[in-house]
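1. Predicted model and sequence follow; I will ask about them next.
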Amino acid sequence: MFRKKILLVKFGFFSLLIICLGLFISLDISTADTDSPLPGNNQELIYDINNEQIIMFGGDLSSGTEGDLKTTWFFSSYNQTWKKLSGIISPEGRSQHRMAYNTLTGKILLFGGNSLTALAQFNDTWEFDPLTNQWTELHPTTAPSARAAHTMYYDSEFNEVILYAGAINFSTVSNEMWAYNFSTNNWYQLHPSGGPGAGYGHSFAYDEANKVGVFFGGRFTDGHLINDVWFFNRSSITWTKKYPIVKPMERYHLGMTFNPIDETFIVFGGDNENLPNRAMDDTWIYNPRTNTWAEVQSTLNPPARCKHKMVFDQHHNKAILFGGIGESFSVNYNDLWIFGPITMSWSQEFTVMAPLSIWLVLFNFTSIVIVIHLLKSRFKRWV
């Protein structure tokens, strides 16, 4: 009996230590960094699977310095805080550029964009290594012409980045398709027949399950918007147009990301050029296996916007939306929204982190009960 009491006392003191540790961990998880990116649009975000973080570069900011335009930002999926990397060699500040994540090496490829300090466009190629936090300009011997508002995705089967279309010299649009080969550090042009045509502001993402690029939306040669869906097959270098019965409204500068868990695409917002508001706030899910769209009816939505960016956070199994410009182009955002494919709802909280906190609370509560029981027993004995 005496030995049991000794064990309970020891466990009680150990529990007190666990309570303090648990409170410390809980505070660490729930505390948000006050330092965050400035409001803006046309930022580029990539989800870094290996390090469970979002990496962001560039954007058309509503305020800030030249240094802010060249800042690389990290958003941790684990503790949900922003950190910035500045004062290093990096690409010039830009917007409407594109980045692609190499799942084989964990590095990020950047190409093109609009200059934020001069009326010019880029056709430079850069690589960012999250392990060393360094940008490196690659200087391939051949590259696409300078452009912006194009699209890029990484094709894991070919270990290439596929680039399509874009706006050139602020006056013309392209229908070119290029592939970047990591082994040779070179771009080379592909020549598929047909396809969506010359345009910009569309979305083009890789379907890992079906090994195709999925294209949606955009603004094209004669200024018209589309809501077409196309599949691009890199193996055969062919386009295939899909004909879903129900489709979202035409738009460009939308947000779209691939959900590898259930192999669907999540779309939010965009610009449909309908005055006076233009920006949209609808959410759609596209299933490439059934070629069907379904609109999501959520009680809470992000404010209407376009020129934002979406990525899929595989740590939380949620889509993340950041930035953009709002209705009537009157407001820039730096808010972060989370879409849960299971609940089919938007929020601004990572509720999936709750299990860790809940287990800590339950363990701490049990420890407190034991400590109170011990104190009661001792008090009775003293009395």
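-> Yep, that arrived.

2. where does the protein have its least confident helix or strand?
-> Sorting the helices and strands of the chain by mean pLDDT, DSSP states H and E puts helix 2-30 at the bottom, at a mean of 40.

3. following that one, which helix or strand shows up next?
-> As assigned by DSSP states H and E, the chain's next helix or strand after helix 2-30 is strand 40-41.

4. What is that following strand packed up against?
-> strand 60-61 (3 or more CB pairs under 8 Å, 6 or more residues apart in numbering; DSSP states H and E). All C-beta atoms are positioned from the backbone trio N, CA, C, and that covers glycine.

5. Do a quick rundown of the strands in the stretch 151-300 of the chain.
-> Here the stretch 151-300 of the chain has its strands, by DSSP state E, counting those that start in this stretch, at 151-155, 160-168, 172-181, 186-190, 199-200, 203-207, 212-216, 219-220, 229-233, 238-242, 255-259, 264-271, 279-287, 292-296.

6. Grab the nearest non-local neighbour of the residue positioned nearest the centre of the chain.
-> By CA atoms, centre = their mean, the mean C-alpha position of the chain lies nearest to residue 311, the distance being 2.3 Å. Distances taken as CB to CB, 6 or more residues apart in numbering put residue 47 closest to residue 311, at 4.2 Å, once the chain neighbours are dropped.

7. Next, the angle from the helix or strand hosting that neighbour to strand 151-155.
-> Element membership for residue 47 (DSSP H and E) is strand 44-48. Interaxial angle of strand 44-48 relative to strand 151-155 (axes from the mean of the first three to the mean of the last three CA atoms, to 10 degrees): 20 degrees.

8. Please compute how far strand 44-48 lies from its chain's middle.
-> A distance of 5 Å separates the centroid of the chain from that of strand 44-48, by CA atoms, centre = their mean, to the nearest Å.

9. can you check stretch 326-340 too?
-> With CA atoms, centre = their mean, you get 14 Å for stretch 326-340.

10. so what's residue 189 up against?
-> Counting by CB atoms under 8 Å, 6 or more residues apart in numbering, residue 189 touches 144, 176-179.

11. what's the farthest-apart pair in these?
-> The largest separation in the contacts of residue 189, counting by CB to CB, is between 176 and 179 at 11.0 Å.

12. Find residues that contact each of those two.
-> Residues within reach of residue 176 and of residue 179 at once, by CB under 8 Å, 6+ apart, are 163, 189.

13. Let me know the angle separating the strand or helix carrying the residue nearest to the centre of the chain from strand 264-271.
-> Following DSSP H and E, one finds residue 311 within strand 309-313. Relative orientation of strand 309-313 and strand 264-271, computed by the same axes, to 10 degrees: 160 degrees.

14. how far away is the residue nearest to residue 311 from residue 178?
-> Note on residue 47: its distance to residue 178, by CB to CB, to the nearest Å, is 23 Å.

15. can you check residue 219 too?
-> Using CB to CB, one obtains 20 Å as the distance from residue 219 to residue 178.

16. For residue 100, give the beta-bridge partners.
-> Listed by DSSP bridges, the beta-bridge partners for residue 100 are residue 109.

17. I should have written residue 166 there, sorry.
-> Here residue 166, judged by DSSP bridges, has bridge partners residue 174.

18. I'd guessed it sits against residue 152; true?
-> No: under the criterion of CB atoms under 8 Å, residue 166 makes no contact with residue 152, lying 9.7 Å away.

19. quick one: pLDDT of residue 375?
-> Note on residue 375: pLDDT of 42.

20. coming back round to it: out of the contacts of residue 189, which comes closest to residue 231?
-> Checking those one by one against residue 231 (CB to CB), the nearest turns out to be residue 177, at 13.6 Å.

21. re the thing from before, residue 166 and residue 152: which is more packed in?
-> A count of neighbours by other CB atoms under 10 Å puts residue 166 above the other of residue 166 and residue 152, at 30 against 24.

22. for that one, what are its contacts?
-> By CB under 8 Å, 6+ apart, the contact list for residue 166 reads 112, 147-151, 173-174, 200.

23. which residues does the closest residue to residue 195 other than its chain neighbours form a beta bridge with?
-> In this structure, residue 195 finds its nearest non-sequential neighbour in residue 239, 4.0 Å apart by CB to CB, 6+ apart. Residue 239 has these beta-bridge partners by DSSP bridges: residue 232.
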